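**Q** structural data only, the sequence is not supplied:
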């Protein structure tokens, strides 16, 4: 509505300016100046054609976008605008001759022929084509900038994710556990070493990928869970729901980061067991852990880990990462991304 009001005022102004220019060209003929028909006719043509195109392009922008469908916008926009502008020109001529000049409709039809519209169609085609080419070029430039921005964000997120996964504290704790197991139980030490090497192999293999199958993440988490179980013994447990559909996609190492956050933020002991449940509801994967925050953590939603995951998901889906904490449970819902190759 604001655009229509602005255009109506602009049409009135342009009509009056054209009338003033014609008044000067007519050697300041006073009779011409006070002839209300001329500015009214100018306004009828400008308003009919302009408002028609404003409404058309508003509707077109709801159907397509320059980012996703530039060719459709260009083709439909030019053809549609030429057709509708010609129709609007016809309606304006009715207003001009029937409304202002007092022709009967039959008299108006008698003077109408195709040649009356050729000039209007040509002007509409040239103006609309120039308009669309400008926005086509502008959209391409913006798309290039967005792609560069997305690539930069992805690289930054990958780097931050990799640094999070190769956390020196995690490696230090793992080596301490390994050293203790070597003295206590060589079989467990061997199992721990195997699981640790698998974890780091997966991290290094997936660090350059944007998305991986959920099945790969789940298999990785099983190995990662074995490490934590050997480290915390009976005080730590992960439950993976068997109904999870493995064909979905997700950014790699997302689950590991959430589990590492749960371990980092919560106390884990024989009296306060940390349990993590991973299950699927619709197109979301839920990671739920018992909430027993360490005293120096004011909130479970801290650190760069969750912000990192949110930023990574923004590159692939419009669905948000959901976070909630209630009933002594901290829950994060990760949107699952459809695998287009399936």
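**A** Nice, I can see it. Remember, predicted model here, so these are calculated numbers, not experimental data. Numbers count the residues shown, from 1 in each chain.
**Q** residue 65 belongs to a helix?
**A** No: when the secondary structure is assigned by DSSP: H, G, I helix; E, B strand; the rest coil, residue 65 falls in coil instead of a helix.
**Q** where does pLDDT dip in the stretch 101-250 of the chain?
**A** For the stretch 101-250 of the chain, residues meeting the criterion pLDDT under 70 lie at 116, 119-121, 123-136, 139, 143, 150-171, 173, 207.
**Q** need the strands for it, in chain order.
**A** In chain order, the stretch 101-250 of the chain shows strands spanning 212-213, 236-240, 249-250, with DSSP state E, counting those that start in this stretch as the criterion.
**Q** what's the closest of those to residue 192?
**A** Distances from residue 192 to each of those were compared using Cβ to Cβ; the minimum, 14.1 Å, belongs to strand 236-240. Backbone N, C-alpha and C define where each C-beta goes, glycine included.
**Q** what's the offset of that closest one from the middle of its chain?
**A** Taking Cα atoms, centre = their mean, to the nearest Å, one finds the center of strand 236-240 at 34 Å from the center of the full chain.
**Q** give the other helices and strands that that strand contacts.
**A** In terms of contacts (3 or more Cβ pairs under 8 Å, 6 or more residues apart in numbering; DSSP states H and E), strand 236-240 is packed against helix 214-232, strand 274-281.
**Q** got the angle between that strand and strand 274-281?
**A** With axes from the mean of the first three to the mean of the last three Cα atoms, to 10 degrees as the criterion, the two stretches strand 236-240 and strand 274-281 enclose an angle of 10 degrees.
**Q** list the buried residues in strand 236-240.
**A** Of all the residues in strand 236-240, those buried under the rule 16 or more other Cβ atoms under 10 Å are 236, 238.
**Q** mind listing what it pairs with, with the direction of each?
**A** Each strand pairing with strand 236-240, determined using DSSP bridges, is listed with its direction: strand 274-281 (parallel).
**Q** and the strand it pairs with, what's its mean pLDDT?
**A** For strand 274-281, the mean per-residue pLDDT is 94.
**Q** which element follows it toward the C-terminus?
**A** Once the chain leaves strand 274-281, the next helix or strand it forms, by DSSP states H and E, is strand 284-290.
**Q** partners of that next one in the sheet?
**A** strand 274-281 (antiparallel), strand 329-335 (antiparallel).
**Q** which of the strands of the stretch 101-250 of the chain sits closest to residue 306?
**A** Using Cβ to Cβ as the criterion, the shortest distance between residue 306 and the strands of the stretch 101-250 of the chain is 14.9 Å, found for strand 249-250.
**Q** helices or strands next to the closest one in the packing?
**A** Helices and strands touching strand 249-250, by 3+ Cβ pairs under 8 Å, 6+ apart, are strand 212-213, helix 214-232.
**Q** if we use 10 Å, what do you get?
**A** Using 3 or more Cβ pairs under 10 Å, 6 or more residues apart in numbering; DSSP states H and E as the contact criterion, the secondary-structure elements in contact with strand 249-250 are strand 212-213, helix 214-232, helix 304-314.
**Q** quick one: which of those is nearest residue 202?
**A** Evaluated over the helices and strands packed on strand 249-250, closeness to residue 202 peaks at helix 214-232, with 4.8 Å, by Cβ to Cβ.
**Q** any chance you could map the helices in this structure?
**A** For the chain, applying DSSP state H gives helices covering 2-25, 30-33, 37-63, 70-94, 105-111, 115-165, 168-184, 186-206, 214-232, 254-265, 304-314.
**Q** for the ones you listed, which one ends up most surrounded?
**A** Mean neighbour counts were compared across those using mean count of other Cβ atoms under 10 Å; the top stretch is helix 254-265, at a mean of 22.
**Q** between helix 168-184 and that one, find me the angle.
**A** Our comparison of helix 254-265 with helix 168-184, counting by the same axes, to 10 degrees, yields an angle of 80 degrees.
**Q** report pLDDT for residue 13.
**A** At residue 13 the predicted local distance difference test score is 68.
**Q** actually, residue 267.
**A** At residue 267 the predicted local confidence, pLDDT, stands at 90.
**Q** surely it and residue 236 touch.
**A** No: with contact defined as Cβ atoms under 10 Å, residue 267 does not reach residue 236; the gap is 11.4 Å.
**Q** which neighbours do the two share?
**A** The overlap between the contact sets of residue 267 and residue 236 (Cβ atoms under 10 Å, 6 or more residues apart in numbering) consists of residue 274.
**Q** hmm, back to that, quick one, which of the strands paired with strand 284-290 is packed in tightest?
**A** Stretch with highest mean neighbour count among the strands paired with strand 284-290: strand 329-335 (a mean of 20; mean count of other Cβ under 10 Å).
**Q** now do that strand against helix 304-314, angle only.
**A** 30 degrees.
**Q** for residue 201, give me its contacts.
**A** Residue 201 makes contact with 220, 223 under the criterion Cβ under 10 Å, 6+ apart.
**Q** quick check: it vs residue 308, distance?
**A** Distance from residue 201 to residue 308, counting by Cβ to Cβ, to the nearest Å: 22 Å.
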